[in-house]
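Student: Just the structure for this:
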Amino acid sequence: MKVEKKEAFQPELRAKENPLFSMGGVGANTVHNNYTKGAKFSRRLRRARQRVVRKILKAKTGFAKGSLGKQIGSCREVNFTDVEMLRGEAAYYQGLVTCQNFWLCPFCSAKRAEQRREEVNGALAVARQDGKQIVLLTFTMQHRRGEQLAELLEVLQSAYSGMRQSPQFRKIQFCGLARALELTWGEANGWHPHFHVVAILDAESPEAALEAVEPLRAVWVDRLQRRGRDGAEDRAFDARGGSAAGDYITKWGVAEELTLSGVKEAKNGGLSQWDFLDRAAQEPRFAEIWWEFAQATRGKRLLQMNEDFKQLASRFEEVAGEPEVEPEFVMDFEDWSAVKDRQVKMLEAAESCADIDAARVAIAVAMHNRGTDRDLPLEPEGEVIEEKRHRKTEGFRD
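Tutor: Numbering: from 1, shown residues only. Here you go, the predicted model:
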């Protein structure tokens, strides 16, 4: 388990995570202009999801030392030193243990996704400046309901490795590759594992880049068939230009498609891990689906970048590096265990007042009120909430 010395608050990402809650600013008395209602309610939702995760893991593994329950259950609940609250772009804590589980933890997943998104976007910006072409590749395979996720992942990884060793793949002049694993689940066909790969190519035009990767279509289908899988070429393999990849890519951007699998909504009726985690609060069968997901993804990497891609990202960091805003000390907490159940309320209190003394008074009130984070509403009052989303959040208060 790793420790986190600074927990960055990511308002822009959180609005993307949950578009339903993206509702603009919360008024002139907020500390920072970029703190939105969307950010606030997304943080509350993550806290609620964290409680569901902890509840499932307690039943499955307990909190024994070394268990998954112990690892994730301690995230933001335990401190390794005195806990301090600081304010930079928004309020955050310093001194808390974090689990660094980017598949299962609502907080660590979102933070990591934003970091990776910035890295990928930086690499793509440098690649475009160098005159390279960008292609988004998707690799999937036939799947049926009832198949185990772990077995599907083994086939997917094996087929991908086989394709990379093919002469057709080696012939392509790649200047960088980044691969993300995305997993969704649907009532009709069960688990749907697939890879998104951002490929940077040395090609004269977008059309030439797409033409260069087209031979991979037949290779991919062949590698699937060797492993007992069938997949029509037009469904198992997809290639799109980085600047015109259809409505779905336009909505999220190439980097978001690659790195936000842990926070964005699934498409085509599929459910992301957060979707069936939300449903697990009310329906036990979704808790079992989430648990299978948790077991199958242990040790798997969300995103892999080859060395060429990493070098492009590092070049962007060298050019675009900006000095960090010096954080403002707000207060410290001698007994974190006494206030941890109000950690979101205290952050919101700190962000409600520009004046630091007024903020400290607001925090003190939040600390000593009876209510905890469980009592915070998960949607703004008076807003019309989509029925599907409303059903997903009803079961969080246990």
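Student: how about G95, secondary structure?
Tutor: strand (DSSP: H, G, I helix; E, B strand; the rest coil).
Student: Now do the same contact list for it.
Tutor: 5, 79-84 (Cβ atoms under 8 Å, 6 or more residues apart in numbering). Just so you know, the C-beta spots here come from the backbone N, C-alpha and C atoms, and that holds for glycine as well.
Student: Can you give me the first-to-last residue distance of stretch 296-316?
Tutor: 34 Å (Cα to Cα, to the nearest Å).
Student: Just the buried positions in that stretch, please.
Tutor: 296-297, 302-303, 305, 309, 312-313, 315-316 (16 or more other Cβ atoms under 10 Å).
Student: likewise stretch 49-67?
Tutor: For stretch 49-67, burial by neighbour count (16+ other Cβ under 10 Å) applies to 49-57, 60-61.
Student: again with stretch 162-182
Tutor: 162-163, 166, 168-169, 172, 174-182.
Student: now, which of these sits nearest R144?
Tutor: Nearest to R144 among the buried residues of stretch 162-182: E182, at 18.5 Å, using Cβ to Cβ.
Student: In this structure that closest one contacts P193, no?
Tutor: Yes: E182 is in contact with P193 according to Cβ atoms under 8 Å; the separation is 7.5 Å.
Student: what residues go with each domain of the chain?
Tutor: 11-106+323-396, 110-319 (automatic domain parsing).
Student: okay if I get those as TSV plus mean pLDDT?
Tutor: Listed next are the domains of the chain as TSV, based on pLDDT from 0 to 100:
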stretch	mean pLDDT
domain 11-106+323-396	77
domain 110-319	85
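Student: where exactly do the strands run in the stretch 151-300 of the chain?
Tutor: 174-186, 190-201, 237-241 (DSSP state E, counting those that start in this stretch).
Student: So for D278, which of these sits nearest?
Tutor: Once the strands of the stretch 151-300 of the chain are compared by Cβ to Cβ, strand 174-186 is nearest, at 12.8 Å.
Student: now that closest one and strand 190-201, what's the angle there?
Tutor: 170 degrees (axes from the mean of the first three to the mean of the last three Cα atoms, to 10 degrees).
Student: for the stretch 201-350 of the chain, what spans make up the helices?
Tutor: 206-213, 216-226, 233-236, 246-259, 273-280, 284-296, 307-320, 336-339, 343-350 (DSSP state H, counting those that start in this stretch).
Student: Out of these, the one nearest L378 is which?
Tutor: Per Cβ to Cβ, nearest to L378 of these: helix 273-280, 10.2 Å.
Student: how far out from the middle of the chain is the closest one?
Tutor: A distance of 14 Å separates the centroid of the chain from that of helix 273-280, by Cα atoms, centre = their mean, to the nearest Å.
Student: Kindly report the same for stretch 225-232.
Tutor: Counting by Cα atoms, centre = their mean, stretch 225-232 comes out at 30 Å from the chain centroid.
Student: Next secondary structure element downstream of the helix or strand hosting E119?
Tutor: Secondary structure assigned from DSSP states H and E places E119 in helix 106-129. As assigned by DSSP H and E, the chain's next helix or strand after helix 106-129 is strand 133-139.
Student: Which strands border that following strand, and is each parallel or antiparallel?
Tutor: strand 190-201 (antiparallel), strand 237-241 (antiparallel) (DSSP bridges).
Student: Just the CA trace of it, in CSV.
Tutor: The C-alpha coordinates for strand 133-139 follow below in CSV (Å, rounded to 0.1, in the frame of the first residue of the first chain):
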residue,chain,number,x,y,z
GLN,A,133,-0.6,10.9,-37.7
ILE,A,134,-2.8,9.5,-34.9
VAL,A,135,-5.1,6.5,-35.2
LEU,A,136,-7.4,5.0,-32.6
LEU,A,137,-7.6,1.2,-32.8
THR,A,138,-10.1,-1.0,-31.0
PHE,A,139,-9.6,-4.8,-30.6
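Student: what comes up buried for stretch 194-209?
Tutor: In stretch 194-209, counting by 16+ other Cβ under 10 Å, buried: 194-203, 206, 209.
Student: Now do the end-to-end distance for that stretch.
Tutor: 22 Å.
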